[in-house]
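# Next comes the sequence, and after it the predicted model I'd like to discuss.
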Amino acid sequence: MVYGSEHNNHHTSLAVHYLKRIVPAIAISIALVACSNNNPTGQPPAGAAMPVSVIEVQPTSVPISAESVAQTEGAKEVEIRPRVGGILIKRLYEEGSPVVAGQPMFLIDPVPYQNALAQAKAQLTQQKARYQQTQREENRLQGLLATQSISQREYDNAVSDNEIASAALQQAEVRVRDAELNLSYSTVTAPVAGVSGHFQFSEGALVTANNSLLTTIVQVSQIWVRFSLSNNELVRFGGHLTEQNVQQVTLILPDGTEYQQKGQLNFAASRIDPLLGTQMLRATFENADQRLLPGQFVRVRVTTGERNGVFVIPQTAVITSDLGRFVYIVNEKNEATVRPVVADNWIGANWVILEGLKAGDKVITNNIIKLRPSAPVSPQETVTAPIQALKAVPAETPKPIPAVPSEVAPEVAPKDTPEVTPTKQTEIAATPAPEIIPTPPPEIAPTKLAEQTESAAKAQITQDYEAYVNRPKRKFIGSHTKEPQFVNYVKDWRLKMEQLEKLHYPELVKQGKLSGTVQFTLGIRSDGSLESIEINRSSGNKALDEEAIRFAKLAGQNGFAPFPAKIRQDVDILHITRTLAFKEPPNK
């Protein structure tokens with residue numbers, strides 16, 4: 001819903017114009033009803049019960065859980081870089097194959113390092129000879145000093161020369177060890193066991209020490225899954241998550257199936273990201289068959305326990321309005337009554353209801369749009385599969401009315417109006433339009449009823465205008481806004497939407513189910529909950545619009561980050577517009 005400017009005179013003229021048009025129409029409709037025993041509307045005749053399907057709810061237990069988009073990564077991801085430079089002579093492994101720790105993977109030209117080792121060994125031999133000479137000289141002068149044949153200075157010089165030669169010998173030994181080490185580095189080995197990656201250089205290329213990335217090794221026998229949960233989701237769990245209060249982590253694959261192995265939380269951030277309002281989490285899963293690969297977008301469901309005494313009802317039975325959510329209940333008089341409810345999250349295609357229902361309540365699951373409070377209904381019990389029951393035709397629905405002339409087909413009463421007969425419909429169609437309202441009806445005094453309707457219409461217009469004036473403060477922006485106040489928040493929002501799109505869209509594109517462009521707008525409340533979804537324009541097929549709405553609901557179900565203080569002080573509801581474009585597959 002898009003609101004324009006707030007000029008009082010403009011809205012007053014609109015209200016008067018609307019009143020002038022709607023009141024005569026209401027008066028004519030009342031006159032038609034007063035003059036005819038037939039019911040050309042879609043509602044049952046007065047006093048007739050609307051056939052509806054119901055489910056009798058009973059309290060049950062549901063897991064306390066939340067879902068989030070996640071991405072896989074290897075338990076260890078190691079970059080293989082050479083520790084010496086040179087010409088890459090040969091690759092010694094098969095790309096993508098498993099390798100073990102210490103397995104040779106690359107051979108760098110070893111000749112320069114062999115020569116350096118030979119030179120270091122020659123210098124070591126030279127230093128050994130020098131050391132032996134100085135040691136002999138020290139021993140010889142020591143005997144001469146005892147007979148006073150030489151001075152003390154000459155002997156001290158000999159001792160110093162010997163110590164210098166000893167230090168030079170140690171340096172030569174270290175240079176030999178360095179040369180041997182560099183020569184060993186010319187054969188690049190795997191530091192850990194895992195699955196090898198793509199070869200980044202061709203044989204004969206020049207690589208530099210500690211810089212050139214040759215390939216990667218990823219350990220996938222255990223896979224890590226990294227994800228985040230917003231503040232709204234953490235509140236559902238009663239606070240931040242730790243390894244101790246998470247019972248189970250379930251991984252949901254891109255095709256919607258659950259991964260057979262359950263995971264365990266192995267990391268939980270000790271703080272909330274101040275920019276995104278989320279807690280970073282990581283879980284580990286066994287992956288012996290290597291079904292999961294690093295970099296995949298998946299979903300995870302975190303379970304911390306069970307919630308007892310709740311009710312599960314179909315999504316179609318829950319109506320959402322500005323005042324909250326409510327359902328229709330069948331009372332003892334077989335009348336539809338409104339019952340406000342407090343909903344938690346979805347489980348499959350059902351809502352989890354926390355408050356508002358009690359055991360034995362009969363919740364209406366179809367014909368919701370036709371119901372009004374206190375309207376008589378004809379309930380039917382739904383024993384199994386309530387979602388399937390919504391798609392079935394109720395057993396007590398009357399048979400279809402036989403066909404009538406095409407010019408009156410749009411006026412035929414719906415199937416759930418058994419009192420209307422084909423003969424009467426034909427008679428109405430055969431009667432000329434000017435004679436439908438004969439002269440006597442004005443004596444029935446429809447004018448008084450019209451005046452009452454006009455008064456009610458004025459009151460409704462006044463109420464609607466007051467609601468408009470006091471509406472929440474809204475802000476409309478695009479997903480790539482440059483406004484400083486919203487840039488960081490929208491960046492997080494866009495990242496979450498892109499993750500969902502990458503997770504779900506590509507397969508549908510390959511199947512040719514998605515093509516064209518769709519632009520939609522999401523309304524987000526200050527607490528991060530989803531307020532509205534609006535398809536602005538679309539050049540694609542119906543599946544594209546449906547998928548866009550489904551993704552928006554998935555994102556809203558997970559919850560967006562609450563507004564930062566600088567946004568919350570000026571905006572109650574933030575509308576963000578996003579455009580998606582897909583091309584038809586080449587084979588189409």
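Right, received. Where do you want to start? This structure is a prediction, so every number in the text was calculated from the model and none was measured.
# which residues of the chain score low on pLDDT?
Of all residues in the chain, those with pLDDT under 70 make up the ranges 1-47, 381-454, 468-470, 503-515, 538-541, 558-559, 582-588.
# Give me the longest strand you can find in it.
strand 60-80 (DSSP state E).
# Point out the other helices and strands that that one packs with.
Packed against strand 60-80, as judged by 3 or more Cβ pairs under 8 Å, 6 or more residues apart in numbering; DSSP states H and E, are the following elements: strand 194-196, strand 215-230, helix 231-237, strand 297-314, helix 487-510, helix 542-558. Where you see a C-beta, it was placed from the backbone N, CA and C, and this is true even at glycine.
# again, only this time at 7 Å
Judged by 3 or more Cβ pairs under 7 Å, 6 or more residues apart in numbering; DSSP states H and E, strand 60-80 is in contact with strand 215-230, helix 231-237, strand 297-314, helix 487-510.
# so what's Gly324 up against?
When the contact criterion is Cβ atoms under 7 Å, 6 or more residues apart in numbering, the partners of Gly324 are Pro340.
# That one pairs with what?
Gly324 has the following beta-bridge partners by DSSP bridges: Ser321.
# one step back: buried deepest among the helices and strands packed on strand 60-80, which one?
Burial among those, expressed as mean neighbours by mean count of other Cβ atoms under 10 Å, is greatest for strand 215-230, which shows a mean of 21.
# Return the distance of the residue nearest to Ile272 when sequence neighbours are not counted relative to Ser230.
Spatially, and ignoring its direct neighbours in sequence, Ile272 is nearest to Gln279 (5.6 Å; Cβ to Cβ, 6 or more residues apart in numbering). Gln279 is 8 Å from Ser230, where distance means Cβ to Cβ, to the nearest Å.
# what comes up buried for the longest helix seen in the chain?
Among all segments of the chain classified by DSSP state H, the helix with the greatest residue count is helix 111-146. Taking 16 or more other Cβ atoms under 10 Å as the basis for neighbour counts, the residues of helix 111-146 that come out buried are 112-113, 116-117, 120-121, 123-124, 127, 130-131, 134, 137-138, 141, 145.
# Spatially, which pair of those residues is furthest apart? Let me know, please.
Spatial extent of the buried residues of helix 111-146 (Cβ to Cβ) is set by the pair Pro112 and Leu145 at 49.0 Å.
# Give me the distance from the longest helix of the chain to the chain's centre.
In terms of Cα atoms, centre = their mean, to the nearest Å, the gap separating the centre of helix 111-146 from the centre of its chain is 72 Å.
# Check stretch 326-341 too.
For stretch 326-341, the distance from its own C-alpha centre to the chain's C-alpha centre is 34 Å (Cα atoms, centre = their mean).
# what does stretch 483-502 give?
Mean C-alpha position of stretch 483-502 versus that of the full chain (Cα atoms, centre = their mean) differs by 12 Å.
# Just want to check the distance between Asp156 and Leu169.
Using Cβ to Cβ, one obtains 21 Å as the distance from Asp156 to Leu169.
# tell me the domain ranges of this protein?
Domain ranges of the chain: 1-36+438-471, 50-64+307-391, 68-74+220-299, 76-207, 474-582, per automatic domain parsing.
# tell me the contacts of Lys128?
Listed by Cβ under 7 Å, 6+ apart, the contact set of Lys128 reads Leu169.
# Pretty sure Phe285 sits in a strand.
Yes - secondary structure of Phe285, determined by DSSP: H, G, I helix; E, B strand; the rest coil: located in a strand.
# can you pull out the strands in the stretch 251-400 of the chain?
Taking DSSP state E, counting those that start in this stretch, the strands of the stretch 251-400 of the chain run over residues 264-268, 278-286, 297-314, 319-321, 324-330, 336-347, 350-355, 362-364, 377-381.
# how many other residues sit next to the closest residue to Lys333 other than its chain neighbours?
With sequence-adjacent residues excluded and distances taken as Cβ to Cβ, 6+ apart, Lys333 is closest to Pro376, at 8.0 Å. A total of 14 residues lie near Pro376 under the criterion other Cβ atoms under 10 Å.
# Just confirm Pro376 contacts Asn334, I think it does.
Yes - at 6.1 Å, Pro376 counts as touching Asn334 under the criterion of Cβ atoms under 7 Å.
# Could you pull out the residues contacting both of those two?
The overlap between the contact sets of Pro376 and Asn334 (Cβ under 7 Å, 6+ apart) consists of Ala49.
# show me the contacts for Phe201.
Contact criterion Cβ under 7 Å, 6+ apart gives 88, 207, 212, 214 as the residues in contact with Phe201.
# Apply 10 Å and report the result again.
82, 88, 91, 106, 207, 212-215 (Cβ atoms under 10 Å, 6 or more residues apart in numbering).
# swap in Asn334?
Residues in contact with Asn334 (Cβ under 10 Å, 6+ apart) are 49, 52, 362, 375-379.
# how close does Ala122 sit to Ala129?
When Ala122 is compared with Ala129 (using Cβ to Cβ), they lie 11 Å apart.
# for Ala179, that is, sorry about that
Distance of Ala179 to Ala129, given as Cβ to Cβ: 19 Å.
# now swap in Gly143 and tell me
Distance, Gly143 to Ala129, using Cβ to Cβ: 23 Å.
# quick one on the thing from earlier: shared neighbours, Gln279 and Ser230?
The overlap between the contact sets of Gln279 and Ser230 (Cβ under 10 Å, 6+ apart) consists of 272-273.
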